[in-house]
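>>> take this sequence and fold it.
(one chain, ligands or ions: 1)
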Amino acid sequence: MTYRVIQWMTGDVGQVGIRHFAQNPVYDLVGVLVHTPDKVGRDAGDIAGIAPTGVIATDDLDAMVALDADCVFYTPVIMDVDTVCRLLRSGKNVVTTSGFFHPSADFAAPAEQIRAACADGGTSFYGGGIHPGYAGDLLPLTLARVMSRVDTIHVYEVVDVLKDAPLDHIDWMGFGKDRDRFLSEPTILGLGLPFFAQSMYMIADGLGVQIDEVTAAEVDVATARTPIPHEQGAIGPGTVAAQRHEWTAWVDGRPLIVFHAIYLAGSPDQREPAWDWGETRYEIVIDGDPPTELTLRGVRGPDGEMVHPGYDWTAMAAINAIPEVCDGPPGWRTHLDLGLIRPRGLVRT
Ligand SMILES: NC(=O)c1ccc[n+]([C@@H]2O[C@H](COP(=O)([O-])OP(=O)(O)OC[C@H]3O[C@@H](n4cnc5c(N)ncnc54)[C@H](OP(=O)(O)O)[C@@H]3O)[C@@H](O)[C@H]2O)c1
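All right, here's what the predicted structure looks like:
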């Protein structure tokens, strides 16, 4: 069986999609929608850095909605719920990394819209990603399978922004900002809390308990002790060089799930305080019986450098569910509905 897919936008995640759909015989790339004018008319392979695919990128949204396909891999910078509902009503399943993946109370209204569109179109909606969507929900639930008591689940996301994130993250996340100004304004990660909290609600649903509330601790900041150079300049002394966000899901008055989002620039000796959180990784530590932990990270290459495949993991966490989402019953499908998915076409000669 081949699944005809449309790639909806071609940023970091969408380009992984194009490369995978071109390589994996289970998929047939039939359309590519872009937003950036310069990309219109270009072959999808050219956009994604591979050989031509024969599929030409367009910005004609209506034509893409009208195109016959089994699934849309929907990866724009921000999800537009009305567009997702149009796609679902047009008979195409939607698999996405852009926002929702578990219908928590924060997203009750769009969840209703999406469920109604699935019912009208006889189609399914599914979301995933590395975090949220895998490291902070599927992995803790998977670890819990081998435990007899769970007390507290800690999920650490540690990212070296200068090595393992696109350069735009420096400005976008407030690195190089005055410390007091940074702490007095909303942060990008803080604004994302309802999206990360979906993972917490998924863990709680999976463990059969109810979250009373999700709280955010004050953000911790380390500043640059010396200028921290990067490709577009430097993070100035005294400005934000590291940030740690801590979010807690409380169950029966106790902290059941604690997410730590730690984003760093430079080395510990370039920071005040000299936080040493180690390399980019996801780490799940479960206090309970038996205490259990797991670390997910890239592999060190022959040059000793570790490559962080964050965008590949993000895209593939969602893409590998496409066959089951297309073949299964209609509706908003979550990890909890799909259970252990069976990826297709990963073993190739
Ligand atoms: N859960 C996770 O683990 C995880 C991890 C990473 C990313 N994500 C999410 O996945 C999605 C894609 O991430 P990404 O890194 O690929 O994003 P990205 O590179 O920042 O942007 C995605 C694409 O969106 C299109 N776009 C830009 N401005 C737009 C606008 N004003 N209106 C409509 N489209 C616009 C562009 O498409 P063209 O270039 O084709 O014109 C852009 O390349 C985002 O929603 C992101 O938050 C999730």
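>>> helices of the stretch 51-200 of the chain, start to end?
With helices called from DSSP state H, counting those that start in this stretch, the stretch 51-200 of the chain shows them at 61-66, 81-89, 108-121, 138-144, 161-164, 168-172, 179-184, 188-191, 193-207.
>>> out of these, which one sits most buried?
helix 193-207 (a mean of 21; mean count of other Cβ atoms under 10 Å). (Each C-beta comes from the backbone N, C-alpha and C, glycine too.)
>>> averaged pLDDT, the helix or strand just after that one. What do you get?
Where DSSP states H and E defines the elements, the next helix or strand beyond helix 193-207 is strand 213-216. Here strand 213-216 scores 98 as its mean pLDDT.
>>> may I have strand 213-216 as PDB, with CA atoms only?
Extracted C-alpha coordinates of strand 213-216, given in PDB (Å, rounded to 0.1, in the frame of the first residue of the first chain):
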ATOM      1  CA  GLU A 213      -3.200  22.200  38.100                       C
ATOM      2  CA  VAL A 214       0.000  23.000  36.200                       C
ATOM      3  CA  THR A 215       2.200  25.700  37.700                       C
ATOM      4  CA  ALA A 216       5.300  27.500  36.400                       C
END
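>>> and that strand, which strands flank it?
strand 240-251 (antiparallel) (DSSP bridges).
>>> so how far is the strand it pairs with from its chain's centroid?
17 Å (Cα atoms, centre = their mean, to the nearest Å).
>>> near the ligand, which residues of the stretch 201-349 of the chain are found?
With Cβ under 6 Å from any ligand atom as the criterion, the stretch 201-349 of the chain meets the ligand at residues Thr314.
>>> per-domain residue ranges of the chain.
What the record gives for the chain is the domain set 3-128+321-338, 138-309, from automatic domain parsing.
>>> please identify the most buried of those.
The highest mean neighbour count among the domains of the chain, using mean count of other Cβ under 10 Å, belongs to domain 3-128+321-338: a mean of 19.
>>> contact partners for the closest residue in space to His308 that isn't next to it in sequence?
Distances taken as Cβ to Cβ, 6 or more residues apart in numbering put Asp164 closest to His308, at 3.9 Å, once the chain neighbours are dropped. Contacts of Asp164 were listed using Cβ atoms under 8 Å, 6 or more residues apart in numbering, and they are 280, 308, 310.
>>> distance check, Asp164 against the ligand.
According to Cβ to the nearest ligand atom, to the nearest Å, Asp164 and the ligand sit 12 Å apart.
>>> need the pLDDT of that residue.
92.
>>> coming back round to it: can you add distance to Pro330 and give the helices of the stretch 51-200 of the chain back as TSV?
Shown next, in TSV, are these (distance: least, Cβ to Cβ, whole Å):
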stretch	distance to Pro330
helix 61-66	18
helix 81-89	9
helix 108-121	5
helix 138-144	23
helix 161-164	38
helix 168-172	37
helix 179-184	45
helix 188-191	32
helix 193-207	21
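>>> so which of those is nearest Ile286?
helix 138-144 (5.6 Å; Cβ to Cβ).
>>> and that closest one, average pLDDT?
The average pLDDT within helix 138-144 is 98.
>>> can that helix be found next to the ligand?
No. Using Cβ under 6 Å from any ligand atom, helix 138-144 stays clear of the ligand, coming no nearer than 11.7 Å.
>>> just checking, what packs against that helix?
Applying 3 or more Cβ pairs under 8 Å, 6 or more residues apart in numbering; DSSP states H and E, one finds that helix 138-144 contacts strand 149-160, helix 193-207, strand 281-289, strand 292-296.
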